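[1] give me coordinates for this.
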Amino acid sequence: MGSLRFILAMSVAYGHAGDFLGFPFIPGDTAVQVFYAVSGFYMALVLNEKYRPPASGYLLFISNRFLRLFPIYAVVLCVTLLLAAGVAHFSAGELHFVKEWRAIKPLDWWSAAFLVGTQILMWGQELYLFLAVQDGALAFLPNFTTDPHPLYRLLVIPQGWTLGLEFSFYLLAPFIVRRSLRSIALLLLASLLLRLSLQFWFGYSGDPWSYRFFPSELALFLLGALGYRVYRMPADGRDRSELSVFLLAIGAVGAALLINRWHGITRIASVSFLMLACAAIPFLFRRSKNNLLDRHLGELSYPIYVCHILVIWSLDFIVPLSSMMLRGMCIMLATLIASSVLYLWVDRPVDRWRQHRFEAQRGHRKAPLLSEQPALAAVSKPLVD
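    I've put the predicted structure just below:
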């Protein structure tokens, strides 16, 4: 599973580096949506087998999830702002988001607080794709491509909008992934029906509705949660209902995505990859959960995803390269180095603290020992939480 996450993160970095090998790899929207399914699997795993009530409360889970994402995000945010200051001081240029912030019209206090606060707290940035500035305030805009100054250009970490969707799912996951197979499947179906209803009844299709609108993307997270049910199926195979529902859900999600964002025959290839990757999630986890190399690759996926745009901007400012191939290779190598530093110096120390918080809470409430939870005892804590 860690290898899949690593490949997805590197494919996003490769796409943003300009497809320098001369051909596209995994489309960015496909990689992001597979990440959603992987997240749904892991949240179902930890909530059913680690954060089990009454041993662990809702606030502990949410705060630990925030601490899982925020420290690396905060470091990259600060370094990006320092880079912007350096670019402005040592050259005549400006980073893209600085130009957009300078050009934005005066806003009322609520709108300004929203734009600044969401970038500090990480949550809510996906809403930039559904809003525009009108008469000094934020207003709904169904198609951001019609806006000459789309708000997403204000993002200091442009790919950070996906973290808002992730955290929205974390907020809901404790109320969803512990429910019955039928309940999860029905909610997944409702999410798909909403996606298609928005397209055919309201005319909301394509970007941003095709993979940035959380209620529609919830189906991808829930697909991963159904994958967890397959992972936990009895070994004797007496009951195959989980597998049947999981496969039907994969087919339904694939069909909805094809209908929702059709742009030619290549769309079949990308959706087919998504369906195969989602189908493989429970089996990949079972096969790789004890693999140390796979675990370390997976741990690099989040730092890679968050820091690669910063790496691109830094290299283009410090050592601009005319060769597209050389530039791309340097970006990928520097991204690996930067993500390793972030993991070792930021993620691991914070993770030790997070696990200490969990152990202290569990000890206070006399929860079962981790060794009594086989699905988690076999994997490292950073991998699943």
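[2] residues in contact with Phe35?
    For Phe35, the residues meeting the contact criterion (C-beta atoms under 8 Å, 6 or more residues apart in numbering) are 5, 8, 162. To be clear about C-beta, it is placed using only N, CA and C from the backbone, and glycine gets the same treatment.
[3] in JSON lines, list these along with pLDDT, distance to Gly227 and secondary structure.
    Converted to JSON lines, the contacts of Phe35 look like this (pLDDT from 0 to 100; distance: C-beta to C-beta, whole Å; DSSP: H, G, I helix; E, B strand; the rest coil):
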{"residue": "Arg5", "pLDDT": "97", "distance to Gly227": "14", "secondary structure": "helix"}
{"residue": "Leu8", "pLDDT": "97", "distance to Gly227": "15", "secondary structure": "helix"}
{"residue": "Thr162", "pLDDT": "96", "distance to Gly227": "20", "secondary structure": "helix"}
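[4] nearest to Tyr228 among these?
    Distances from these to Tyr228 were compared by C-beta to C-beta; the smallest belongs to Arg5, at 15.8 Å.
[5] next, the closest residue to that closest one other than its chain neighbours: secondary structure please.
    Spatially, and ignoring its direct neighbours in sequence, Arg5 is nearest to Ser301 (3.8 Å; C-beta to C-beta, 6 or more residues apart in numbering). Local secondary structure at Ser301 is given as helix here, using DSSP: H, G, I helix; E, B strand; the rest coil.
[6] so Ser301 sits right up against Gly2, yeah?
    Yes: in this structure Ser301 lies within contact range of Gly2 using C-beta atoms under 8 Å: 7.4 Å.
[7] what residues of the helix or strand containing Ile331 count as buried?
    Remark: Ile331 resides in helix 324-342, with elements defined by DSSP states H and E. For helix 324-342, the neighbour count (16 or more other C-beta atoms under 10 Å) marks 327-328, 330-332, 334-336, 338-339, 342 as buried.
[8] tell me where the stretch 51-200 of the chain has helices.
    Listed in chain order, the helices of the stretch 51-200 of the chain (DSSP state H, counting those that start in this stretch) span residues 58-90, 96-103, 109-121, 161-176, 181-201.
[9] quick one: which of those is nearest Asn143?
    Between Asn143 and the helices of the stretch 51-200 of the chain, the shortest gap by C-beta to C-beta is with helix 181-201, which sits at 12.5 Å.
[10] tell me what that closest one is packed against?
    Helix 181-201 sits against helix 161-176, helix 214-231, helix 241-260, with contacts defined as 3 or more C-beta pairs under 8 Å, 6 or more residues apart in numbering; DSSP states H and E.
[11] okay, the angle between that helix and helix 214-231?
    The directions of helix 181-201 and helix 214-231 differ by 150 degrees, with axes from the mean of the first three to the mean of the last three C-alpha atoms, to 10 degrees as the criterion.
[12] ok, now which ones touch Gly18?
    For Gly18, the contact set (C-beta under 8 Å, 6+ apart) comprises 324, 327-328.
[13] could you redo the last one with a cut-off of 7 Å?
    With contact set as C-beta atoms under 7 Å, 6 or more residues apart in numbering, Gly18 has these partners: 324, 328.
[14] one step back: I'd guessed the residue nearest to Arg5 sits against Phe6; true?
    Yes: contact between Ser301 and Phe6 holds when scored by C-beta atoms under 7 Å: they sit 5.2 Å apart.
[15] who has more neighbours out of those two?
    Neighbour count, other C-beta atoms under 10 Å: between Ser301 and Phe6, Ser301 has more, with 23 against 20.
[16] which residues of this structure score low on pLDDT?
    By pLDDT under 70, the weakly predicted segments of the chain are 54-55, 236-239, 363-385.
[17] same thing but 90
    Confidence mapping of the chain against pLDDT under 90 gives the ranges 22-25, 51-57, 91-93, 105-106, 205-206, 233-241, 261-266, 320-322, 355-385.
[18] can you redo the helices and strands packed on helix 181-201 as JSON lines with distance to Val311 and mean neighbour count?
    What follows is the helices and strands packed on helix 181-201, written out as JSON lines (distance: least, C-beta to C-beta, whole Å; neighbours: other C-beta atoms under 10 Å):
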{"stretch": "helix 161-176", "distance to Val311": "18", "mean neighbour count": "19"}
{"stretch": "helix 214-231", "distance to Val311": "27", "mean neighbour count": "25"}
{"stretch": "helix 241-260", "distance to Val311": "30", "mean neighbour count": "18"}
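[19] so which of those gets nearest Val116?
    Counting by C-beta to C-beta, Val116 lies closest to helix 161-176 out of these; the figure is 14.8 Å.
[20] for the closest one, name the packing helices and strands.
    If contacts are counted by 3 or more C-beta pairs under 7 Å, 6 or more residues apart in numbering; DSSP states H and E, helix 161-176 sits against helix 28-49, helix 58-90, helix 214-231.
[21] that concludes my questions; thank you for your assistance.
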